[in-house]
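*Asks:* Can you look at this prediction? I've put the sequence above it.
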Amino acid sequence: MALKTGNDYLRSMKSLDLKAHMLGQSTSDLDRHGLVTPSRRAVAYTFDAAHDPETRDLFCVESSLCKDVINRFSHLHQGTEDLVNKVRMQRLCGTGTACCFQRCVGMDAANAIYSTTFECDRKHKTPYHSRFKDYWAWVQQQDLVVDGAMTDPKGDRGKRPKEQMDPDLFLRVSDRRSEGIVINGAKLHQTGMLNSHEILVMPTLTMRPGEEAWAVCCAVPTDAEGVRYIYGRQASDTRKLEKNTMDVGNPRFGGQEVMTVFEDVFVPHERVFLNGEVDFSGIMVERFAAYHRQSYGGCKVGVGDSLIGATALIARMNGVEKATHIKEKIVEMIHLNETLYACGIACSATGEATPSGNYLVNMLLANVCKLNVTRFPYEISRLATDVAGGLLGTMPSAADLEDPVTGPYIRKYLATTPEVDVVDRMKVLRLIENMVAGAGAVGYLIESMHGAGPPAAQRIMIGRQADLEGKITKVKRMLDIP
Ligand code: SF4
Ligand code: FE
């Protein structure tokens with residue numbers, strides 16, 4: 001199967017019968033819906049980049065499973081160079097779309113499941129690894145978009161899954177049949193799920209003996225019977241439905257998140273990759289989280305590039321580009337952004353092979369990367385807000401710009417220099433607003449905090465991975481302390 005183009009991808013989504021609900025209505029015309037199309041275009045970008053002569057060498061790679069040339073977004077990393085190239089590719093997509101392009105979650109899930117199933121089979125004589133290889137070779141050959149679904153609703157955070165008032169608050173196996181399993185539950189915050197062909201369900205935390213029903217990993221088509229989607233709201237999202245799209249800020253691209261409900265969803269055995277082996281649930285969670293924490297060292301840096309570019313441009317349009325304090329602020333933004341990239345590259349370059357053969361990132365550095373991501377985009381956004389000025393929050397609408405009475409006043413009083421077109425200036429301000437306070441801030445700020453786990457989760461992993469005892473021993477040796 002040839003690599004899909006963006007248009008092939010968009011066409012392939014049309015044939016899916018997705019049960020989606022949006023703003024109080026069930027919706028079947030997803031491919032024409034104003035809220036959805038920008039997010040689909042962002043995913044389409046990842047397909048077109050595999051055909052663009054300038055980027056295809058980075059996006060195309062030989063599969064380790066089927067030897068075909070595939071899109072890197074479905075690649076199983078075969079070395080540290082692949083891990084580094086993944087981050088480079090994500091930065092490029094982030095810069096090109098200024099939003100979440102949604103396709104990394106499946107890549108990260110696949111790499112985690114690949115190595116975990118190998119080790120699980122070795123210990124428990126289960127058949128998961130070869131099943132997963134067959135499934136993933138098909139995904140690669142069909143050039144599909146896969147969503148990795150990890151985050152359960154979790155109910156009362158102080159209780160284990162079986163102690164919850166409703167056992168479905170953690171997705172679980174509710175029935176076991178001769179041909180497969182039945183799952184019930186929900187996954188929250190699902191980035192791009194409604195723009196995907198397939199879902200890889202994974203456990204949300206390390207399960208313990210007695211919690212076998214919740215230790216489940218399996219693949220489900222997005223239009224499977226019993227799967228339902230409830231669209232997540234983003235700040236200013238309905239601006240996307242307005243006739244003049246200037247106020248959206250990022251009129252072409254956007255991210256997307258949904259709540260996904262699984263109600264008595266049947267999964268045949270050949271699509272089940274973990275089913276009760278609690279001792280491998282935590283390994284799967286940690287590896288997926290590490291890959292996705294690495295991912296943020298690419299995608300958020302790319303979005304940061306767009307924000308820095310827009311900030312430098314608005315400074316120029318405002319006539320302050322040469323002011324020392326403005327130059328210092330922009331250099332600070334660059335420094336913070338490149339520090340994130342350095343972390344993304346570092347955890348990739350020092351990754352190691354797993355027993356299954358694919359490569360895993362350096363877990364300590366991936367967690368350091370993501371912990372920085374929980375902070376730096378906020379500081380970069382603060383500096384962008386500072387440089388852009390108060391108009392960022394008070395500018396009149398595109399509709400008033402078009403109005404014959406108010407339009408001339410807006411053009412007169414928002415003018416800066418003869419070289420700067422007022423409408424262009426307004427467009428740049430709206431893009432910055434989108435990223436720091438509008439729909440784009442879901443991906444650039446809230447997701448930077450909570451996506452791939454909140455900062456507390458990274459601190460726990462950093463504490464575990466840092467070999468503190470090793471450091472203490474070395475100090476004692478240096479000081480002759482027994
Ligand atoms: Fe990819 Fe970043 Fe979106 Fe995650 S948040 S899917 S890493 S673009
Ligand atoms: Fe994410």
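*Replies:* Cool, got the structure. Ligands and ions are numbered 1, 2, ... in the order given.
*Asks:* hey, where'd the strands end up in the stretch 201-350 of the chain?
*Replies:* For the stretch 201-350 of the chain, the strands defined by DSSP state E, counting those that start in this stretch cover 216-221, 227-231, 257-268, 272-275.
*Asks:* Around ligand 1, pick out the residues from the stretch 101-250 of the chain.
*Replies:* For the stretch 101-250 of the chain, the residues in contact with ligand 1 (C-beta under 6 Å from any ligand atom) are F101, Q102, C104, V105, T191. Bear in mind the C-beta positions are built from the backbone N, C-alpha and C, glycine included.
*Asks:* State the number of residues packed around the residue of the chain found nearest ligand 2.
*Replies:* Of all residues in the chain, G451 sits closest to ligand 2, at 3.5 Å by C-beta to the ion. Using other C-beta atoms under 10 Å, G451 has 25 neighbouring residues.
*Asks:* cool, and the one 10 residues further on?
*Replies:* The number of residues packed near M461 is 22, by other C-beta under 10 Å.
*Asks:* which one is S236 nearest to, not counting chain neighbours?
*Replies:* Nearest non-adjacent residue to S236, counting by C-beta to C-beta, 6 or more residues apart in numbering: G438, 4.4 Å away.
*Asks:* if we can go back for a sec, mind checking which of the residues of the stretch 101-250 of the chain next to ligand 1 land in strands?
*Replies:* T191 (DSSP state E).
*Asks:* and V320, what does it touch?
*Replies:* I326, V387 (C-beta atoms under 8 Å, 6 or more residues apart in numbering).
*Asks:* where's it relative to T385, distance?
*Replies:* 14 Å (C-beta to C-beta, to the nearest Å).
*Asks:* and what of E469?
*Replies:* 44 Å.
*Asks:* Tell me the spatial nearest neighbour of whichever residue of the stretch 101-250 of the chain sits closest to ligand 1, not counting adjacent residues.
*Replies:* In the stretch 101-250 of the chain, no residue comes nearer to ligand 1 than C104, which is 3.2 Å away by C-beta to the nearest ligand atom. Excluding the flanking residues, the one nearest C104 by C-beta to C-beta, 6+ apart is S295, at 4.7 Å.
*Asks:* What about the one you found, how many residues nearby?
*Replies:* By other C-beta under 10 Å, neighbour count at S295 equals 25.
*Asks:* Give me every residue in this structure lying close to ligand 2.
*Replies:* Residues of the chain lying near ligand 2 by C-beta under 5 Å from the ion: T191, G451.
*Asks:* again, only this time at 6 Å
*Replies:* Counting by C-beta under 6 Å from the ion, the residues of the chain close to ligand 2 are T191, E447, G451, A452.
*Asks:* which one of those residues is nearest E433?
*Replies:* Comparing those against E433 with C-beta to C-beta places E447 closest, at 17.5 Å.
*Asks:* so that closest one sits in a helix?
*Replies:* Yes - secondary structure of E447 (DSSP: H, G, I helix; E, B strand; the rest coil): part of a helix.
*Asks:* Please list all residues in contact with it.
*Replies:* E447 is in contact with C100, T191, G255, counting by C-beta under 8 Å, 6+ apart.
*Asks:* and if you look at E242?
*Replies:* Applying C-beta under 8 Å, 6+ apart, the residues near E242 are V248, A398, A399.
*Asks:* Of those, just the buried ones, ChimeraX syntax please.
*Replies:* Buried subset of the contacts of E242, written as a ChimeraX selection, criterion 16 or more other C-beta atoms under 10 Å:
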select :248,398
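*Asks:* Just the contacts of E242: which are in helices?
*Replies:* A398, A399 (DSSP state H).
*Asks:* Format the contacts of E242 as TSV; extra columns: pLDDT and distance to V227.
*Replies:* As requested, these are exported to TSV (pLDDT from 0 to 100; distance: C-beta to C-beta, whole Å):
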residue	pLDDT	distance to V227
V248	97	29
A398	98	37
A399	97	38
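*Asks:* Pipe the contacts of E242 into CSV and attach distance to S26 per row.
*Replies:* Putting the contacts of E242 into CSV (distance: C-beta to C-beta, whole Å) gives the following:
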residue, distance to S26
V248, 24
A398, 30
A399, 30
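*Asks:* From the contacts of E242, pick the one nearest G357.
*Replies:* The closest of these, once distances to G357 are taken by C-beta to C-beta, is V248, at 44.3 Å.
*Asks:* okay but the residue of the stretch 101-250 of the chain closest to ligand 1 is in contact with H292, surely?
*Replies:* Yes - with contacts counted by C-beta atoms under 8 Å, C104 reaches H292, the gap being 7.1 Å.
*Asks:* Just put the contacts of E447 in a markdown table and tack on pLDDT.
*Replies:* Putting the contacts of E447 into a markdown table (pLDDT from 0 to 100) gives the following:
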| residue | pLDDT |
| --- | --- |
| C100 | 97 |
| T191 | 91 |
| G255 | 95 |
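*Asks:* can you pull the pLDDT of the residue nearest in space to the middle of the chain?
*Replies:* The residue lying closest to the centre of the chain (C-alpha atoms, centre = their mean) is Q102, at 5.1 Å. pLDDT, Q102: 97.
*Asks:* Wait, it touches G192, no?
*Replies:* Yes - counting by C-beta under 8 Å, G192 is a contact partner of Q102 at 2.7 Å.
*Asks:* By neighbour count, which of the contacts of E447 wins?
*Replies:* C100 (29 neighbours).
*Asks:* now that one: how far from L431?
*Replies:* 16 Å.
*Asks:* before we move on, what about P408?
*Replies:* Distance of P408 to L431, given as C-beta to C-beta: 24 Å.
*Asks:* Could you check which of these two is surrounded by more residues?
*Replies:* Neighbour count, other C-beta under 10 Å: between P408 and L431, L431 has more, with 26 against 11.
*Asks:* Test my guess that that one contacts P251.
*Replies:* No - using C-beta under 8 Å, L431 makes no contact with P251, being 9.1 Å away.
*Asks:* How many residues are close by the closest residue to G249 other than its chain neighbours?
*Replies:* Counting by C-beta to C-beta, 6+ apart, N434 is the residue found nearest to G249 once chain neighbours are left out, at 2.7 Å. By other C-beta under 10 Å, the residues close to N434 number 28.
*Asks:* Let me know whether A384 touches A437 as I believe.
*Replies:* No - with contacts counted by C-beta under 8 Å, A384 stays clear of A437, the gap being 10.2 Å.
*Asks:* Which one's more surrounded, these two?
*Replies:* Remark: of A384 and A437, A384 carries more neighbours, 25 against 17, as counted by other C-beta under 10 Å.
*Asks:* what sits against the closest residue to the more buried one other than its chain neighbours?
*Replies:* Sequence neighbours aside, T311 is the residue nearest to A384 in space, at 4.5 Å (criterion: C-beta to C-beta, 6+ apart). Applying C-beta under 8 Å, 6+ apart to T311 gives the contacts I330, M333, L383, A384, V387, A388, I432.
*Asks:* Would you convert these into CSV that also reports distance to C120 and secondary structure?
*Replies:* Below are those laid out as CSV (distance: C-beta to C-beta, whole Å; DSSP: H, G, I helix; E, B strand; the rest coil):
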residue, distance to C120, secondary structure
I330, 49, helix
M333, 44, helix
L383, 46, helix
A384, 46, helix
V387, 51, helix
A388, 51, helix
I432, 47, helix
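*Asks:* of all the residues you listed, which comes closest to F59?
*Replies:* Taking C-beta to C-beta as the measure, F59 lies nearest M333 of those, at 27.5 Å.
*Asks:* how many neighbours does that closest one have?
*Replies:* M333 has 24 nearby residues by other C-beta under 10 Å.
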